[in-house]
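Visitor: 3D, please:
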Amino acid sequence: MRAPLPGRAVRGSDSGRPIMAALDLFGRRGTLRIIWELRDGPLNFRTLQDAADTNPAVLNTRLKELRAAGLVDHDEGGYRLTDLCVELQSLLMPLNAWAERWALAVSHDVAN
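Guide: Predicted structure coming up:
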């Protein structure tokens, strides 16, 4: 399966709209976890595999897709987020804060 990119038909949409390509990419198993684990800096393959709690085949496929999408790069220091993906990380942080509030609300509701 090729990497979802703007301008191409993706799973669930033939429009090629950038948001549809992004949602397809982010919805693939392990993609957001890989991005999350790279938030603090570069990691080599094995360390990233352990941190993302995934298998080598899935990690390799996702890294190829993320590199093709311009979100992850690789150099002698390991895999790292590109500037474009660092921007994405800054957009995900408010979602993370919301998720933390949601978890508290749900745990409070479950306790009652």
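Visitor: report the longest helix in this protein, please.
Guide: Longest helix in the chain by number of residues (criterion: DSSP state H): helix 83-111.
Visitor: how about the residue nearest to E65 when sequence neighbours are not counted, what does it touch?
Guide: Excluding the flanking residues, the one nearest E65 by Cβ to Cβ, 6 or more residues apart in numbering is A3, at 3.9 Å. Where C-beta positions appear, they are placed from N, C-alpha and C, glycine not excepted. Neighbouring residues of A3 by Cβ atoms under 8 Å, 6 or more residues apart in numbering: 25, 64-66, 68-69.
Visitor: measure A3 to R39 for me?
Guide: Shown here: A3 relative to R39, a distance of 21 Å by Cβ to Cβ, to the nearest Å.
Visitor: before we move on, back to that, could you pull up phi and psi at the residue nearest to E65?
Guide: Dihedral pair for A3: phi -70, psi 140, per degrees, to the nearest 10.
Visitor: how much space separates it from A22?
Guide: According to Cβ to Cβ, A3 stands 12 Å off from A22.
Visitor: and S107, by the same measure?
Guide: In terms of Cβ to Cβ, S107 sits 31 Å off from A22.
Visitor: next one: A99
Guide: Distance from A99 to A22, counting by Cβ to Cβ: 19 Å.
Visitor: same question for Q49.
Guide: For Q49 relative to A22 (Cβ to Cβ), the value is 24 Å.
Visitor: list the contacts of the residue most central in space within the chain.
Guide: Residue closest to the mean C-alpha point of the chain, counted by Cα atoms, centre = their mean, is L32 at 2.5 Å. Contacts for L32 (Cβ under 8 Å, 6+ apart) come out as 26, 92.
Visitor: tell me the secondary structure for it?
Guide: Following DSSP: H, G, I helix; E, B strand; the rest coil, the label given to L32 is helix.
Visitor: what pLDDT does it get?
Guide: L32 carries a pLDDT value of 95.
Visitor: the more surrounded of S107 and A22?
Guide: Set S107 next to A22 and count neighbours by other Cβ atoms under 10 Å: A22 wins out with 17 against 9.
Visitor: pLDDT averaged over the host helix or strand of the more buried one - what is it?
Guide: According to DSSP states H and E, A22 maps onto helix 18-27. Here helix 18-27 scores 93 as its mean pLDDT.
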